[in-house]
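I would like the atomic coordinates for the input below:
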Amino acid sequence: MRLFHILLLPLCLLFAQMDPGAGLLASLLHRSPEYICAKKGGTCNFSPCPLYTHALGDCYKGRAKCCL
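Residues are numbered from 1 along each chain as shown. Have a look, this model is predicted:
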C-alpha cells in the first residue's frame with residue numbers, strides 16, 4: 001500500500017502544476033472543425049451552401065464551408 005502512495009504522489013504533483021486547459025489533456029480534448037460543424041447541425045460542403053443556409057466556418061483546412 002505504501003508503494004502505491006509513493007507512485008501516486010508524482011502523478012498528483014504533475015497534474016497540480018498544470019494550468020487549466022494546458023498540457024497533455026488539452027490535446028485529447030481538441031475537436032476538429034468538421035466535428036464542431038456537425039455538432040452544431042451543419043454540413044461541410046465543397047460547393048456553395050444550399051438555399052436558406054449560410055456559411056458558418058471552414059472545414060477540411062479551408063477547402064470546404066460549414067453550411068448551417
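
next helix or strand past the lowest-mean-pLDDT helix or strand in the chain?
One helix or strand of the chain scores below all others by mean pLDDT, DSSP states H and E: helix 24-28, with a mean of 60. Per DSSP states H and E, the first helix or strand lying C-terminal to helix 24-28 is helix 33-39.

gap between that following helix and the chain center?
Relative to its parent chain, helix 33-39 has a centroid offset of 10 Å by C-alpha atoms, centre = their mean, to the nearest Å.

for Cys44, which non-adjacent residue is closest in space?
Cys59 (3.6 Å; C-beta to C-beta, 6 or more residues apart in numbering). For every residue, glycine as well, the C-beta is placed using N, CA and C.

what residues are bridge-paired with the one you found?
Beta-bridge partners of Cys59, counted by DSSP bridges, are Ala64.

now do it against Pro10, distance only.
Distance, Cys59 to Pro10, by C-beta to C-beta, to the nearest Å: 41 Å.

low-scoring pLDDT stretches of this protein, where are they?
1, 11-28 (pLDDT under 70).

how about Lys39, what does it touch?
Arg31 (C-beta atoms under 8 Å, 6 or more residues apart in numbering).

for Leu3, see how far away it is.
Lys39 is 44 Å from Leu3, by C-beta to C-beta.

if we can go back for a sec, neighbours of the residue nearest to Cys44, how many?
Counted with other C-beta atoms under 10 Å, residues neighbouring Cys59 total 23.

residue contacts, it?
33-34, 37, 44, 65-66.

save those as JSON lines, and put in distance to Thr53 and neighbour count too.
As requested, these are exported to JSON lines (distance: C-beta to C-beta, whole Å; neighbours: other C-beta atoms under 10 Å):
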{"residue": "Pro33", "distance to Thr53": "17", "neighbour count": "17"}
{"residue": "Glu34", "distance to Thr53": "16", "neighbour count": "16"}
{"residue": "Cys37", "distance to Thr53": "12", "neighbour count": "23"}
{"residue": "Cys44", "distance to Thr53": "12", "neighbour count": "17"}
{"residue": "Lys65", "distance to Thr53": "10", "neighbour count": "23"}
{"residue": "Cys66", "distance to Thr53": "10", "neighbour count": "23"}
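
what's the most distant pair in those?
Spatial extent of these (C-beta to C-beta) is set by the pair Glu34 and Lys65 at 11.5 Å.
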